[in-house]
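>>> here is my input; please provide its structure:
(chains A and B)
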Amino acid sequence: MAVAFDEKQFRLPRGAMTWVTWRQHRAALLAVTGALAAFAIALLISGLRLHSDFDRMHLAACTQYDDGICSRNADELIASVSTWTYPIFLLTFMPGVIGAFVGAPLLAREFETGSYRYTWTQGMGKTRWLASKMLLLALAIVVMTGAFSALIHWWDAPLATLESRMRPRSYYEVDGLVFAARSLAAFAAGAFFGAVLRRTVPAMAATLATYIGLWYTSADWIRGHLMTPVGRPYQDLGPRTGWLMDKWLVDSHGHSMTIEHWRDQYDAALRSGANMAEYVKTHTYTLWGHYQPANRFWAFQAMEAGGTLVVAMAFAAATLWWVRRRVA
Amino acid sequence: MGKSCGGGRVNVIETLKLAKRYGRRWALEDCTLALPAGRVVALVGPNGSGKTTLLHLAVGLMSQTSGTVTVLGGSRPGSQDALDRVGFMAQSTALYRNLSVEDALRVGRNLNRRWDNALALERLRERDIPLDRKVGKLSGGQQSQVALALVLAKRPDLLILDEPLAALDPLARHEFMSALMAAVAADGLSVVFSSHVVAELENVCDHLIVLSGGRVQVAGDVDDLTASHQVLAGPAEEAGALAASLPVVRQQWAAAQTQLLVRAGSGEPLPPGWQSHGVGLEELVLAYLREPSASVLPGPRPAATAAAESKGAWA
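This is a model prediction of the structure:
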C-alpha cells in the first residue's frame, strides 16, 4: 500500500477547471452549439444566395425604392427570405434555452444528486469552483452567440440597405451585441435560480420566465426611450430611415394633434351637418412621424447590451454570494 | 491501530457549545467535543440525532447557528488548510454517477492540490473495479470503494465518513471496513465516522461519541468506557440499596433477578449474591441510547474549556 507520494504535486494541474467544466457540461454545450450550427449552416446557404441576388439585381445602385425596377426588385428580394421570419423569432428564445439548460442545472443538479457534498469538500473549495465554472461557461456562451450574431449581421446586410437594421421585433434581437448579452443574463439567472431553488426543473422554468420578462422589458418598454426620437414629415420617412415609433398630425397653423383627436373633430363636424367637402378643404393636415434613425443601430445595441450585462453581473454576484453565505 | 500517530496532542475536531438550528428545530445543541488525533472515532446515534449535522459543520458544508468548531488543531472548516487536509465521504456517496471511474478520478485530481493518483489507481486495481465503467453502474460496495479511493487519494490527515456502512450489505461492510483499517494502519490518519449500526464497532473504533436528540450523551475512549462500566446481576430486593450507592445507567428486571449496568470499575466490593461481568461496547451504547437522561462525558476537554468548566461527568 505504501506508494511514494511526491510532495511537489501540491498544486492544481494546469487548466484544472477547464477540463472539469467541459466534462460536466459538454452535453449541454454541444446541444446548444449543434442547434446554433444547424441554424448557421442554413443561414450561410441562404445568405450566399441573398448576397448574390442583391448583386444581380443591382440594388446597391438604387437611390429610392418607391417605384420602378428598384421597388420591384427590393420587394422580390425581401419576399424571397420571408420564410426566415418565424425561425428568427424562435431564435430569440435561444438565450432563455441556454439559461435553462446550461445555467439552471449548474448548481441545481449538484443539490439534487447531493454531489455538492463531494465537490465542495475538495481542495479547490466551492467559491473558486463556482467562479471558474461560471466564467468558463460564460466565455463559451459569448463565443457561440457572438459568432452567431456576426453571421446574422452578414446575412442581414443586403436587407439592411432596403430596410433599416432598427426594424423592431426581428433580426435586431439576434444581431449585434444584445443576443450574447441576453444569453449571459439568462445563464446567470439560471445559475442563481438553481442555487436558490435547488431543483433543476423549477429553476429552468424560473429562468425561462425571467428571460422572457427581460426580453419584453428591454424590447417593448425600454428600447424606445433609450434616445429621443426624431420627428419628421411622414412622407420623408421610408423603411430605410429607421424605426417608426408613432404618428401624429400637424394642422395648417402648426398645431400638433393625435390622430384620435383629429378623428373626434371630424366626427363632430359630420354630426353637426357641416359641408364636409368644404371642411376638408379648410382643414388641412400634415402627417408626421417619430422615428429612431437607422444609424443609431450600434448605439442602441451597445446601450441595451450594457444594461443587460448589468443584470447578468447582478445575477452572477447574487449566485456567488448565496453559495458562499447562505447555502451551507 | 494508528494510536501512536499524533500522540493525542492535537484534536482533529474541537467544538465548543456548537449548535445548529433548522427553522425551530435544534439539530445539534450545546455540543462540546474534543476528538483526539490518531484515533478511529465512531459517532453513534439513532437517525436524526445530529450526526450528519455535526459532520457537515466539521467539513464546512454548513455553518453553525452558534458556538465554534475547528479541525486539525485550529483550522476553520472550509478554510484552505482544512479543505486540503480533510477528506470527507458523504452519506450514500456523493459521486457524479454519470462519470466513469476514470473521469471521477480525473475530476478529483483537478480539484485537489494534494493528490496521489498512483495510490487511487492501485486501490481500484486491487479491488478489480473497472475504470471505464460509469460510477452509477457499479454495485453499492464498489461505489463506496471508489469513494474511499478518491478520498484517500487526497492523502488526508483527517478522514470524515458519514454513514459509510449504511447502504452496504454485510460482506461489503466488512470489505469496506478492512480497506479503511488497512489505510489507517498504513498512513496513520485520524478517522471520524458516523454510524447508526452499533454492532460492528467493537473491533474498529477506539474512541466513541454517542449523540442523542442533538446532544452529546457519551464521549470517551472505548477502553476507558468498557473498563469503567460493569453489569451487576443479583437479587431484586437488594437492587435498590445497590443502585443508591453506584451510578446506574440502566436497570433490568427478570423474575427475581435484577441486572444493573453501572458506571464503576471492577474493583467495587459487591454484596453477597451479586456477581459482575464486563460489558461489550454494543451493550453499553444501546443501554445509553435507551436511557437518554444518562450521560458520560469524560476524556480530554478542548483546551479552551478545560479551565472554564470541570462539571461532574455524571448527569
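>>> residue boundaries of the strands in the stretch 151-300 of chain B?
Taking DSSP state E, counting those that start in this stretch, the strands of the stretch 151-300 of chain B run over residues B:158-161, B:190-195, B:207-212, B:215-221, B:229-235, B:248-254, B:257-263, B:275-277.
>>> so, low pLDDT: which residues of chain A?
Residue ranges of chain A with pLDDT under 70: A:1-9, A:168-169, A:327-328.
>>> show me what stretch A:298-306 is in contact with.
With contacts defined as C-beta atoms under 8 Å, 6 or more residues apart in numbering or on different chains, stretch A:298-306 is touched by A:166, A:172, A:175-178, A:180-181, A:218, A:222-223, A:226-227, A:292. Bear in mind the C-beta positions are built from the backbone N, C-alpha and C, glycine included.
>>> any buried residues in stretch A:248-256, and which?
For stretch A:248-256, a neighbour-count test (16 or more other C-beta atoms under 10 Å in any protein chain shown) marks A:248, A:249, A:250 as buried.
>>> same check on stretch B:289-298?
B:289, B:291, B:294, B:295, B:296, B:297.
>>> helices of the chain, residue ranges please.
Answering for chain A, as no chain was given. Taking DSSP state H to define them, one finds helices in chain A at A:16-56, A:68-80, A:85-91, A:94-98, A:104-113, A:116-119, A:126-162, A:178-197, A:200-216, A:259-271, A:276-282, A:297-321.
>>> that was the other one, I meant chain B.
Taking DSSP H as the criterion, chain B carries its helices at B:51-59, B:80-85, B:101-110, B:117-126, B:140-153, B:170-187, B:222-227, B:239-245, B:281-290, B:303-306.
>>> make a markdown table from those and add mean pLDDT and distance to residue A:21 to it.
Shown next, in a markdown table, are the helices of chain B (pLDDT from 0 to 100; distance: least, C-beta to C-beta, whole Å):
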| stretch | mean pLDDT | distance to residue A:21 |
| --- | --- | --- |
| helix B:51-59 | 95 | 23 |
| helix B:80-85 | 93 | 19 |
| helix B:101-110 | 95 | 10 |
| helix B:117-126 | 93 | 20 |
| helix B:140-153 | 93 | 19 |
| helix B:170-187 | 89 | 31 |
| helix B:222-227 | 88 | 45 |
| helix B:239-245 | 79 | 65 |
| helix B:281-290 | 87 | 45 |
| helix B:303-306 | 39 | 42 |
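>>> can you tell me which of those helices is packed in deepest?
Among those, ranked by average contacts under mean count of other C-beta atoms under 10 Å in any protein chain shown, first place goes to helix B:51-59 (a mean of 26).
>>> returning to what we had before: can I get the helices of chain A in TSV including mean neighbour count?
Formatted as TSV, these follow (neighbours: other C-beta atoms under 10 Å in any protein chain shown):
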stretch	mean neighbour count
helix A:16-56	16
helix A:68-80	14
helix A:85-91	14
helix A:94-98	26
helix A:104-113	23
helix A:116-119	23
helix A:126-162	19
helix A:178-197	28
helix A:200-216	20
helix A:259-271	12
helix A:276-282	10
helix A:297-321	18
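>>> can I get these in TSV including distance to residue B:153?
Conversion of those to TSV gives the following (distance: least, C-beta to C-beta, whole Å):
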stretch	distance to residue B:153
helix A:16-56	15
helix A:68-80	62
helix A:85-91	45
helix A:94-98	35
helix A:104-113	21
helix A:116-119	13
helix A:126-162	18
helix A:178-197	29
helix A:200-216	29
helix A:259-271	76
helix A:276-282	91
helix A:297-321	28
